[in-house]
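Trainee: let me see the structure of the following:
(2 chains)
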Number of protein chains: 2
Amino acid sequence: MILTIVQARELVEASMVAVGHTQKEAEIIGDHLIDCELRGLSFGGLPRALSVIERIQATTTPRHAIQVIKETPVSVALDGGDQVGYLIGRMATDMAIDKARKTGLAVVSANQTWYTGMFSYYLEEITKAGFAGMIAGSGGRRVAPHGGTEGRFSTNPIAFGFPSTSTPVIWDIGTSAVMLGEVVLAQRLGQLLPEGVAFDPQGNPTRDPSAALEGAFGVWGGHKGSGLAMVVQLLGMMGGASGAPRKTHDCGFFMLVINPELLSSAEDYKKRVKEFADSMRTTRPLDPARPVRVPFERSAADREKRRLEDRIEVADEVYEALVHIATPVGIAK
Amino acid sequence: MILTIVQARELVEASMVAVGHTQKEAEIIGDHLIDCELRGLSFGGLPRALSVIERIQATTTPRHAIQVIKETPVSVALDGGDQVGYLIGRMATDMAIDKARKTGLAVVSANQTWYTGMFSYYLEEITKAGFAGMIAGSGGRRVAPHGGTEGRFSTNPIAFGFPSTSTPVIWDIGTSAVMLGEVVLAQRLGQLLPEGVAFDPQGNPTRDPSAALEGAFGVWGGHKGSGLAMVVQLLGMMGGASGAPRKTHDCGFFMLVINPELLSSAEDYKKRVKEFADSMRTTRPLDPARPVRVPFERSAADREKRRLEDRIEVADEVYEALVHIATPVGIAK
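Mentor: As a prediction, this is how the structure comes out:
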């Protein structure tokens, strides 16, 4: 199914309203999911809307409003109330930017949330405000530490963003050897995983995605990468999230925002970030056909292209399922 | 040559006084270098004292006192005055802890410095104070980004530390495929580097350490690791350090300290960090003979062992050279 951006957005919003969100909340979620689609991360786009809806429909305990648990001039700790993370991320970003405007430095945490999406989405806002930022997200036991065969980390994303006079520089990675979305997709399509990225529940290496989902994924980057995954888990726990929550429950969220003006000149820093990105891009390449890339640039360029094309492709099954959910609130099939 | 800890410390201190440091500065440097020896990182110990002395003797422009350039209740920006980084790191740590005691959150940067040592040394102080921390350090062009063959980053260490009711959890890595100390050692011993970790000045892969020192080292961790190295460079630049300084000049230093009490209960967090470290250590291992390791624990245990042995082994050439420098200020050979 091919949709325009407006059609895709309306479909997501209506489906989110149908499962109990306000129109404003639905718009926040929709904006994030459409941004994933436009940036080429379609597993985090319309198909993710379905996963969000399934998680809400499968949860019997009611969610409550996001609450501020602790607050200082440089910090906010949020209880996410079991709300979807896109809402927490949006609120955290706004609060962190607001505090950083006053003090130059802010940290915001959340627990009791799930699916916080692309951290680069929030870092783009932070860098637009002229600030640098770091975000880390922890969760349930799905990824084995280096040398182990049982889950201790979640897929634990970590991201940093830096403001520039041109495209911001945003680095956003997961610390597992394979992404959850890839494993779920392989399971749906009946495909095998690559060698060496997962363990079955008995701790044997496996290429079977179902066994990997019951067992554990490998960690990215060997011993060093395993340490980074641990760092993300400990950052996520700082806001009160469990170190070993049930999957897709009580994820931890940690956001730091800093105004470079605290340490030097913010305007000069933005110029120097751009110059540094330029110097990376023009590094003598190993293969002349493959210039060195600067993180975020390609997906930002893809987004511009897709915006002009005004065309979002979605699997028919996903479209039908979303229309089915959204119909009661007014999307005509 | 075998020295007691006291003898090694006195030798380092006297040699540091001999090149113009005060006794107090010499003690700060000595404490850091002896800690490297005790933790088994001997290339950062007594041999590093010689590198520090060579750098000072080769520099014609005078260094000046470390200066505070900017300061707020949550931040300090230091001009390192071309002083060795051990002094800057010590001052930054004290200032960051002092500010974090008042506001809960602090960032300290420095430029115009070099050789900041093991970041875990500072993070141990930070975690002793009950705080978590992050440190990043940038420098001259020595490491090629992924897909490139020219230096754009330094070996760019990054480290995080977390307080615990037991041993703190400290992750401290370099982002290059090979350490500077390893390459210099291979050059001295006439050995080849491993495959795939360096480029010569023309951009060809090389195993020759001299060619690697003239050319560039590879980056650790492929595309993702290259992004992390870039993050460290951009963090280091925030305090005013150049993105492309001359080697061993104008390195950038970035330190963040956070009191977990801002976001949850600091006492409870320390317990949960310990529990998480325990859960990592008891992960079902891939090889029963090799349990999963928690960063920092082994080197902290090694240090205790070496303290009891009271025995530091140093190459005769290094010992002779340090005694030669130190003799005028009163170390008897």
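Trainee: how close does A:F254 sit to B:V108?
Mentor: Counting by C-beta to C-beta, to the nearest Å, the gap from A:F254 to B:V108 is 20 Å. Placement of C-beta: from N, CA and C, glycine included.
Trainee: compare these two (neighbour count), which wins?
Mentor: Higher neighbour count among A:F254 and B:V108: B:V108, with 32 against 25, using other C-beta atoms under 10 Å in any protein chain shown.
Trainee: pLDDT wise, what is that one at?
Mentor: Note for B:V108: predicted pLDDT of 98.
Trainee: now swap in the one 3 residues further on and tell me
Mentor: Reading off the confidence values, B:N111 has pLDDT 97.
Trainee: wait, is it part of a helix?
Mentor: No. Under DSSP: H, G, I helix; E, B strand; the rest coil, B:N111 sits outside any helix and is assigned strand.
Trainee: list the contacts of it.
Mentor: B:78-80, B:239-242, B:250-253 (C-beta atoms under 8 Å, 6 or more residues apart in numbering or on different chains).
Trainee: which two from those end up farthest apart in space?
Mentor: B:L78 and B:S242 (15.5 Å; C-beta to C-beta).
Trainee: neighbour count for these two, which is higher?
Mentor: The neighbour count for B:L78 versus B:S242, taken as other C-beta under 10 Å, is higher for B:L78 (26 against 19).
Trainee: check whether the top helix by length along chain A contacts chain B.
Mentor: Secondary structure of chain A read by DSSP state H shows that its longest helix is helix A:85-103. Yes. Counting by C-beta under 8 Å from any C-beta of the partner chain, chain B has neighbours in helix A:85-103: A:T103.
Trainee: contact partners for A:T113?
Mentor: By C-beta under 8 Å, 6+ apart, the residues touching A:T113 are A:80-85, A:88, A:250-251, A:253.
Trainee: give me the residue from the stretch 51-200 of chain A nearest chain B.
Mentor: A:G148 (3.4 Å; C-beta to the nearest C-beta).
Trainee: so what's that residue up against?
Mentor: A:G148 touches B:280, B:283-286, B:292, counting by C-beta under 8 Å, 6+ apart.
Trainee: if we use 10 Å, what do you get?
Mentor: A:199, A:203, A:216, A:218-219, A:226, B:280-286, B:290-293 (C-beta atoms under 10 Å, 6 or more residues apart in numbering or on different chains).
Trainee: show only the entries of these found in helices.
Mentor: A:226, B:280-281.
Trainee: now a PyMOL select for only the buried ones of those.
Mentor: Here is the PyMOL command that picks out the buried ones among these, judged by 16 or more other C-beta atoms under 10 Å in any protein chain shown:
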select buried, (chain A and resi 226) or (chain B and resi 280+281)
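Trainee: can you put the ones in helices among the contacts of A:G148 in a markdown table and add distance to B:D310 and pLDDT?
Mentor: Listed next are the ones in helices among the contacts of A:G148 as a markdown table, based on distance: C-beta to C-beta, whole Å; pLDDT from 0 to 100:
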| residue | distance to B:D310 | pLDDT |
| --- | --- | --- |
| A:S226 | 34 | 98 |
| B:M280 | 32 | 98 |
| B:R281 | 29 | 97 |
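Trainee: can you list contacts of the helix or strand containing A:E304?
Mentor: A:E304 belongs to helix A:297-309 when assigned by DSSP states H and E. The contact list for helix A:297-309 (C-beta under 10 Å, 6+ apart) reads A:4-5, A:34-41, A:118, A:120, A:124, A:166-170, A:172, A:277, A:280-281, A:312-313.
Trainee: need the buried ones from the contacts of A:G148 selected in PyMOL.
Mentor: Only the buried entries of the contacts of A:G148 go into this PyMOL selection, using 16+ other C-beta under 10 Å:
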select buried, (chain A and resi 199+203+216+218+219+226) or (chain B and resi 280+281+283+285+292+293)
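Trainee: so which of the contacts of A:G148 are in strands?
Mentor: A:199, A:216 (DSSP state E).
Trainee: alpha carbons of stretch A:132-139, in PDB - could you do that?
Mentor: Coordinates of each C-alpha in stretch A:132-139 appear next as PDB, following Å, rounded to 0.1, in the frame of the first residue of the first chain:
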ATOM      1  CA  ALA A 132      24.700  18.900  22.800                       C
ATOM      2  CA  GLY A 133      23.100  15.800  24.400                       C
ATOM      3  CA  MET A 134      23.400  12.200  25.400                       C
ATOM      4  CA  ILE A 135      20.600   9.700  25.700                       C
ATOM      5  CA  ALA A 136      20.800   6.100  27.000                       C
ATOM      6  CA  GLY A 137      18.000   3.500  27.300                       C
ATOM      7  CA  SER A 138      18.000   0.300  29.300                       C
ATOM      8  CA  GLY A 139      15.500  -2.500  29.600                       C
END
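Trainee: quick one: mean pLDDT for it?
Mentor: In the prediction, stretch A:132-139 has an average pLDDT of 98.
Trainee: close to chain B, is that stretch?
Mentor: Yes. Applying C-beta under 10 Å from any C-beta of the partner chain, one finds stretch A:132-139 touching chain B at A:132, A:134, A:136, A:138.
Trainee: and that stretch, how far out from the chain middle?
Mentor: 9 Å (C-alpha atoms, centre = their mean, to the nearest Å).
Trainee: contacts for the worst-scoring helix or strand of chain A on mean pLDDT?
Mentor: Using mean pLDDT, DSSP states H and E, the weakest-scoring helix or strand in chain A turns out to be helix A:180-189, at a mean of 86. Outside of helix A:180-189, the residues within contact range by C-beta under 10 Å, 6+ apart are A:41-44, A:47-48, A:51, A:139, A:142-143, A:154-155, A:174, A:176, A:178-179, A:191-194, A:197-198, A:207-213, A:217, A:247-248, A:317.
Trainee: just the buried subset of those, written out for ChimeraX, thanks.
Mentor: In ChimeraX syntax, the buried subset of the contacts of helix A:180-189 is picked out as below (16+ other C-beta under 10 Å):
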select /A:41,42,43,44,47,48,51,139,142,143,154,155,174,176,178,179,193,197,198,207,209,211,212,213,217,248
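Trainee: do you have the strands of chain A handy? List them.
Mentor: Assigned by DSSP E, the strands in chain A fall at A:2-3, A:67-72, A:75-84, A:105-114, A:132-138, A:158-162, A:169-173, A:198-199, A:216-217, A:251-258, A:312-313.
Trainee: any low-confidence regions in the stretch 1-150 of chain A?
Mentor: Residues of the stretch 1-150 of chain A meeting the criterion pLDDT under 70: none.
Trainee: show me which residues of it are close to chain B?
Mentor: Looking at chain B, the residues of the stretch 1-150 of chain A close enough under C-beta under 10 Å from any C-beta are A:69-78, A:99, A:103-111, A:132, A:134, A:136, A:138, A:141, A:144-150.
Trainee: so who does the nearest residue to A:I135 once chain neighbours are set aside touch?
Mentor: Of all residues not flanking A:I135 in the chain, A:F119 sits nearest, at 4.2 Å (C-beta to C-beta, 6 or more residues apart in numbering or on different chains). Applying C-beta under 10 Å, 6+ apart, we find A:F119 in contact with A:89, A:133-137, A:157-161, A:170-174, A:253, A:255.
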